[in-house]
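[1] Starting from these lines, generate the structure:
(chains A and B)
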Amino acid sequence: MAGAISLRVITPENILVDTPADSVRFPGLDGSIGVRPRHAPMVAALDAGSLSWAGPDGPGEMFVAGGFAEVRNNTLRIVTQAGELVGDIDVERAEASAKRARERLRVTGTAAKAGELDSLRAQAALRRALQRMRMAQTR
Amino acid sequence: MAGIKELRGRISSIGNIKQITRAMEMVATTKLRRFQDRAISSRPYTEDISGLVGRLAAVLGSSVTERPLFQAGAGERTLCLLITSDRGLCGAYNSNMLRFMEQWKDGLDHDVDFFVYGRKGATYLKNREYNLERFLTDPQLEAIDFTNAAVTARMLTTEFLSGKYKDVVLIFSAFESMARYVPTAIPLLPISADSFEAVEDSGGSGVILEPDAETIFDSLIPRYLETRVYNTLVEALTSEYASRRFAMKNATDAATDMQKVLRGVYNRKRQEGITTDLLDIVGGAEALR
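    Numbering: from 1, shown residues only, chains lettered A, B, ... in the order given. Take a look at the predicted model:
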């Protein structure tokens, strides 16, 4: 049997997840991408969203705030700057950050010439916060 | 005769100072370990990011050097991120850093603007009326985590892209060993393509890229710069605390030596006093006989 693919989620602070998995689903920039054992080598950029997997050690789901996925030698490495397992999502913090992002969007929206980059960043922050909240609720 | 009482006072005050320096040494040791741990735990992330950068750069080939962050900026000046410490009592750490910075600056033929971490560096630059563009205090240097370092990296990138600068340089103390911290200047921007690790697997072309190499690469580069800045900060902090621990250890040792010498003098003086007193008494008794 092919055996499981080993899934590893790596953040700057620690290695958050290290588990064998039979299937993994992660948020690619153009939509969700699924990976099974013996997948061809791949590098993908991630959007903020949900990373979920099923495997011999049980299924799991977590939030990732963007980053990259790399499949090599039957190992899937998710390299992300931030992420939490569903149970660890801080809803209050997400709500606060959603509020902050909305506020910023309103300000940059009125100030016509304000850097496009700022508003893009605020949009991204808002998206991350909403996604976190959604995932915490569906649980 | 330097009073025996003064001597006793000096010995006990040296004892007090010794206690303080020893406590500071212990604090520095703990913090040092904490920063070392942090450096270790961020290593897998850093390695993966730079590995990805290297592999994608190989896929993109020579077109990499045409990306904006790979070309010298439009400006004339250099932007320097200088990392010093907030507090003193860490040996020659800051003066070494600042001396190195002066030498580096003398070697340039154009002006430099500074971003500074650490109050020592900020004060120095202010007193000499250098162009201190920004003094980064939020958060305190010691409380730095990856998110804050990322913000700093973004700030530097934005400045670089504004067209005011030609390049961005980090000046910090590289940690070579517990007793060696070398002030170092490394270029951050523009990125030089040969700074990437040589790529081993030739299977670069067979890799599926989702969505495509350019998009991934462009979102990878900011992450890459973030790890560079973060690692630099952690390394500087490690050096600072190693240096502080060393300085405090020296101070404690010096206090012990001093105490020993003074105690010798004190005992001799005390003995002299007793002998004189005894002689007086004996002399008096003889006279009475």
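[2] make it CA atoms for all contacts and neighbour counts henceforth
    Fine.
[3] secondary structure element for the residue nearest the centre of chain A?
    Nearest to the mean C-alpha position of chain A, by C-alpha atoms, centre = their mean, lies A:Val64 at 2.0 Å. Counting by DSSP states H and E, the element that carries A:Val64 is strand A:60-72.
[4] Quick check: pLDDT value at the closest residue in space to A:Leu130 that isn't next to it in sequence.
    In space, A:Leu130 comes closest to A:Ala98 once its chain neighbours are excluded; the distance is 6.8 Å by C-alpha to C-alpha, 6 or more residues apart in numbering or on different chains. Among the per-residue scores, A:Ala98 holds a pLDDT of 87.
[5] I'd like to know how many residues surround A:Ala98.
    The local packing of A:Ala98 (other C-alpha atoms under 10 Å in any protein chain shown) involves 22 other residues.
[6] Distance check, it against chain B.
    When distances are taken as C-alpha to the nearest C-alpha, to the nearest Å, A:Ala98 and chain B turn out to be 17 Å apart.
[7] Kindly report the same for A:Gly31.
    The gap separating A:Gly31 from chain B is 10 Å, by C-alpha to the nearest C-alpha.
[8] check contacts around the residue nearest to the centre of chain A.
    For A:Val64, the contacting residues are A:Asp47, A:Ala48, A:Gly49, A:Ser50, A:Leu51, A:Thr80, A:Ala82, A:Gly83, A:Glu84, by C-alpha atoms under 8 Å, 6 or more residues apart in numbering or on different chains.
[9] Sketch out the low-pLDDT regions of chain A for me.
    Counting by pLDDT under 70, chain A contains low-confidence ranges at A:1-2, A:108-117, A:139.
[10] Which residue ranges of it form helices?
    Assigned by DSSP state H, the helices in chain A fall at A:91-110, A:116-138.
[11] quick check: angle from the first one to helix A:116-138?
    Angular relation of helix A:91-110 and helix A:116-138 on a 0 to 180 degree scale: 150 degrees, by axes from the mean of the first three to the mean of the last three C-alpha atoms, to 10 degrees.
[12] Any buried residues in helix A:91-110, and which?
    Within helix A:91-110, the residues scored as buried using 16 or more other C-alpha atoms under 10 Å in any protein chain shown are A:Val91, A:Ala94, A:Glu95, A:Ser97, A:Ala98, A:Ala101, A:Arg102, A:Arg104, A:Leu105, A:Thr108.
[13] now, among those residues, which is nearest to B:Arg244?
    In terms of C-alpha to C-alpha, no member of these lies closer to B:Arg244 than A:Ser97, at 38.1 Å.
[14] Now that closest one. Nearest residue, chain neighbours left out?
    For A:Ser97, the nearest residue in space outside its immediate sequence neighbours is A:Ala129; the separation is 6.3 Å by C-alpha to C-alpha, 6+ apart.
[15] In contact with that neighbour, which residues are there?
    The contact partners of A:Ala129, taken as C-alpha under 8 Å, 6+ apart, are A:Ala94, A:Glu95, A:Ser97, A:Ala98.
[16] same check, this time on B:Pro222
    Here B:Pro222 is in contact with B:Ala153, B:Arg154 (criterion: C-alpha under 8 Å, 6+ apart).
[17] With chain A as the reference, measure out to it.
    Here B:Pro222 is placed at a distance of 11 Å from chain A (C-alpha to the nearest C-alpha).
[18] that older thread, identify the bridge partners of the residue nearest to the centre of chain A.
    In this structure, A:Val64 has beta-bridge partners A:Gly49, A:Gly83, where bridges are defined by DSSP bridges.
[19] my guess is A:Arg128 contacts A:Ala65, does it?
    Yes. The pair A:Arg128 and A:Ala65 qualifies as a contact (C-alpha atoms under 8 Å) at a distance of 6.5 Å.
[20] Leaving out the residues flanking it, which one is nearest to the residue of the stretch 1-150 of chain B found nearest chain A?
    Ranking the residues of the stretch 1-150 of chain B by distance to chain A (C-alpha to the nearest C-alpha) places B:Ser42 first, at 4.6 Å. Closest residue to B:Ser42 apart from its sequence neighbours, by C-alpha to C-alpha, 6+ apart: A:Pro12 at 4.6 Å.
[21] you'd agree the one you found is up against B:Ala149?
    No. Applying C-alpha under 8 Å as the test, A:Pro12 and B:Ala149 come out as separate, 11.2 Å apart.
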